[in-house]
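Student: need a structure here:
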Amino acid sequence: MTDVRTPEADPFEPAAEPDDREARSRDQAGGSLGLVGWLKWGWRQLTSMRIALVLLFLLALGSVPGSMLPQEGTDPAGVQQYYASHPALAPLLNHLGLFNVFAAPWFAAIYLLLFTSLVGCVVPRTFRLAGSARALPPRAPRHLTRLPRSAEYTTALAPAQVTEVAAKVLADRGFRLRRPADADEHWLSAEKGYLREAGNLLFHLALLGVLVSVALGGLFGYKADRLLVQGTTFADTQSALDEFYPGRFVTAADLGPFTITLNRFDASYITSGAQRGQPASFDAQVSYTAQPGGPVRTYDLQVNRPLSVGGAKVYLIGHGYAPVFKVTDARGQVVYDQATPFISGSSGNFLSQGVVKVPDAQPEQLGFTGVFVPTAVEVGGVLESVFPAADNPVVSLIAYAGNLGLNSGVTQSIYQMDTAGMRRLTADPQLLLPGQSLKLPDGQGTITFTGYVPWVSLAITHDPGQLPALICGIAALGGLLVSFMVRRRRVFVRARAAGPAGVAQTTVQIGGLARTDASGGFEAEFASLAAELRSAHGQAAAHSQPEGE
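Tutor: So this is what the prediction gives:
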């Protein structure tokens, strides 16, 4: 006979501590807790799993603006463009810290609260798990038929033999056993599935490790950007970087002493079909040295194939065109002869804008604002680029003369020019093909468009928390799988003499329960185990019968 009944309390959970019960009763009664009582109550709330999940959700929710809006730490130009496109909304978003989410005080507060909550939740559970790993199963209940799973049968074995045979069967199945200290009692407790709690604890410890790894990267890592024109070299120093975003404990001395030279960059695009103009491949051939005086090595830098050097990773994140200009001033001297990076805008097909500043020109400084068109086509009197490759390169320039304002003490972007102190030399934009020159009026000089070279944008990152975060992430997944797949279950066996005087007959009761069995399976496992115990008892009874009976 099997009697199924749901227990009123979870037998796997320890009894509540007296002080906890008193605190709850005072809370329910509305009594005055005092400062210490309120602190204890607040700590219990903060370290509860419910609050930890809420904080984790808030952390994920707070990260959404960091992926949707341009961030000052990674895309300052995008932030400026957002200000220009949304002049009313951008100041409000900036006031809320949404352009620098991961450095905002509110994000740090959520992060620290989540970290504290996990520490307060995980550390006590670690000690409890360590204690439960050494603890024996509880005593067998007196009425096993009241458990969720139970079975009962009789055997010719003595009660002591019943528990001995059951102990061997359960031990072979990996159960931890407990037997009575009194030889007159005949019961057996067995428990299995301790790994479930270990997996649950591993998940929380790994989640805590992910948070520590992220903090480690934020404190000791750095990010930097560098625009590199083909044929040029840069060293990983703060002065040579275009943008440098160090962690709180990072200084310029922590940068890797490597150098990188862009030897060649090739980009190919789809030339036909619905995806015409979409990129097909990007390939940057670079040479680098890991340290001054070290051997020169080459590397094929591609998207999602970074270069690892000097403890940092160098990623290829963008590219463009750098027209080459040669400028002679009114004296006939060459005062400018180099490639000038132009930055592509939102119009597509690498229609790029840039400026040429010539502070050494005499008798007046010269400046040019221009547009580089890779594949130029005139549409309705407007010059447009119809393909990203430089199939028909044209540059459009407007010339200025006067004071560039470079010595005013105000920092200027290399991609913008302050024309407040200058006068315009050309009324309309002047178009130049490669090799063509523009002679400036009043004998101010000449500018020649000699050609173009590509440039690439490199992102240099050093994140010491990246590998620990990956390991912790894998450990968290493993712990979650273990906690889902392993069931904590207990099996109890009781043997009582039931036959009349002089007749060897014993009643065997078997009971079992599982902590969680949402996916099912324990019912079948218990039935199989009960059948195995009954068979083992039957075989043992057959072997114990005297011959001839």
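
Student: quick one: the strands in the stretch 351-500 of the chain?
Tutor: All strands of the stretch 351-500 of the chain, identified by DSSP state E, counting those that start in this stretch, fall at 352-358, 365-373, 376-379, 382-385, 394-402, 422-424, 430-432, 437-440, 445-462, 489-497.

Student: quick one: buried residues of the longest one?
Tutor: Residues of strand 445-462 classed as buried: 445-449, 452-462 (neighbour count, 16 or more other C-beta atoms under 10 Å). C-betas here are computed from N, CA, C, even on glycine.

Student: and for stretch 244-260?
Tutor: Buried-residue list, stretch 244-260, by 16+ other C-beta under 10 Å: 244-247, 250, 255-256, 258-260.

Student: now those residues in JSON lines, with distance to residue 79 and pLDDT?
Tutor: Formatted as JSON lines, these follow (distance: C-beta to C-beta, whole Å; pLDDT from 0 to 100):
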{"residue": "244", "distance to residue 79": "17", "pLDDT": "88"}
{"residue": "245", "distance to residue 79": "13", "pLDDT": "85"}
{"residue": "246", "distance to residue 79": "19", "pLDDT": "87"}
{"residue": "247", "distance to residue 79": "21", "pLDDT": "85"}
{"residue": "250", "distance to residue 79": "22", "pLDDT": "89"}
{"residue": "255", "distance to residue 79": "25", "pLDDT": "91"}
{"residue": "256", "distance to residue 79": "28", "pLDDT": "88"}
{"residue": "258", "distance to residue 79": "29", "pLDDT": "94"}
{"residue": "259", "distance to residue 79": "30", "pLDDT": "95"}
{"residue": "260", "distance to residue 79": "27", "pLDDT": "96"}
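
Student: sort out for me which of those are in strands.
Tutor: 244-246, 259-260 (DSSP state E).

Student: for the stretch 1-150 of the chain, which residues score under the pLDDT cut-off?
Tutor: 1-33, 73-77 (pLDDT under 70).

Student: show me the helices in it, by range?
Tutor: Ranges of helices in the stretch 1-150 of the chain, per DSSP state H, counting those that start in this stretch, are 18-29, 34-46, 49-68, 76-85, 89-95, 105-134.

Student: so how far is the helix or strand where residue 536 lies from its chain's centroid?
Tutor: Residue 536 is part of helix 522-544, with elements assigned from DSSP states H and E. Centroid separation between helix 522-544 and its chain, computed with C-alpha atoms, centre = their mean, to the nearest Å, is 51 Å.

Student: what residues of it count as buried?
Tutor: Going by neighbour count (16+ other C-beta under 10 Å), the buried part of helix 522-544 is 522, 525-526, 529-530, 533-534, 536-537, 540-541.

Student: and those as CSV, adding distance to residue 123?
Tutor: Converted to CSV, the buried residues of helix 522-544 look like this (distance: C-beta to C-beta, whole Å):
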residue, distance to residue 123
522, 31
525, 34
526, 35
529, 36
530, 40
533, 40
534, 45
536, 44
537, 46
540, 48
541, 51
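
Student: how about these in TSV, adding distance to residue 36 and pLDDT?
Tutor: Formatted as TSV, the buried residues of helix 522-544 follow (distance: C-beta to C-beta, whole Å; pLDDT from 0 to 100):
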residue	distance to residue 36	pLDDT
522	44	84
525	48	89
526	48	92
529	50	93
530	52	93
533	53	94
534	57	93
536	57	93
537	58	92
540	61	90
541	63	87
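
Student: kindly provide the distance from the residue nearest the centre of the chain to residue 72.
Tutor: Geometric centre of the chain, nearest residue: residue 469, 7.4 Å, by C-alpha atoms, centre = their mean. Per C-beta to C-beta, to the nearest Å, residue 469 is found 23 Å from residue 72.

Student: then residue 192?
Tutor: Counting by C-beta to C-beta, the gap from residue 192 to residue 72 is 55 Å.

Student: looking at the two, which is more packed in?
Tutor: The neighbour comparison of residue 192 against residue 72 (other C-beta atoms under 10 Å) goes to residue 192, with 20 against 15.

Student: ok, now which ones touch that one?
Tutor: If you count contacts by C-beta atoms under 8 Å, 6 or more residues apart in numbering, residue 192 has them with 173-176, 488-491.

Student: let's see that with 6 Å instead.
Tutor: 174-175, 489 (C-beta atoms under 6 Å, 6 or more residues apart in numbering).

Student: could you report the neighbour count for the residue lying closest to it once chain neighbours are set aside?
Tutor: Excluding the flanking residues, the one nearest residue 192 by C-beta to C-beta, 6 or more residues apart in numbering is residue 175, at 4.7 Å. Residue crowding around residue 175 was assessed by other C-beta under 10 Å; the count is 21.

Student: now do residue 68
Tutor: Using other C-beta under 10 Å, residue 68 has 9 other residues around it.

Student: about what we covered before: hmm, which two among the buried residues of helix 522-544 are most spread apart?
Tutor: Using C-beta to C-beta, the buried residues of helix 522-544 reach their maximum pairwise distance at 522 and 541, which is 27.9 Å.

Student: residue 506 contacts residue 155, correct?
Tutor: Yes. Between residue 506 and residue 155 there is a contact under C-beta atoms under 6 Å: 5.4 Å.

Student: follow-up on the earlier one: hang on, isn't the residue nearest to the centre of the chain packed against residue 208?
Tutor: No. Residue 469 is beyond contact range of residue 208, at 11.7 Å (criterion: C-beta under 6 Å).

Student: next, count neighbours for residue 492.
Tutor: Neighbours around residue 492, by other C-beta under 10 Å: 24.

Student: got a list of what it touches?
Tutor: 140, 144, 189, 511 are the contacts of residue 492 under C-beta under 6 Å, 6+ apart.

Student: can you list which of those are found in strands?
Tutor: Going by DSSP E, the strands hold 189, 511 from the contacts of residue 492.

Student: who does the residue nearest to residue 433 when sequence neighbours are not counted bridge with?
Tutor: Spatially, and ignoring its direct neighbours in sequence, residue 433 is nearest to residue 394 (6.1 Å; C-beta to C-beta, 6+ apart). Listed by DSSP bridges, the beta-bridge partners for residue 394 are residue 373.

Student: what distance do you get for residue 344 to residue 49?
Tutor: Shown here: residue 344 relative to residue 49, a distance of 50 Å by C-beta to C-beta.

Student: in terms of neighbours, single out the busier of the two.
Tutor: Remark: of residue 344 and residue 49, residue 344 carries more neighbours, 20 against 11, as counted by other C-beta under 10 Å.

Student: isn't the more buried one right up against residue 321?
Tutor: No. Using C-beta under 6 Å as the test, residue 344 is too far from residue 321 to be in contact (8.1 Å).

Student: so for those two, which residues contact both of them?
Tutor: Shared contacts of residue 344 and residue 321, defined by C-beta under 6 Å, 6+ apart, comprise residue 352.

Student: got a list of what residue 276 touches?
Tutor: By C-beta under 6 Å, 6+ apart, residue 276 lies in contact with residue 270.
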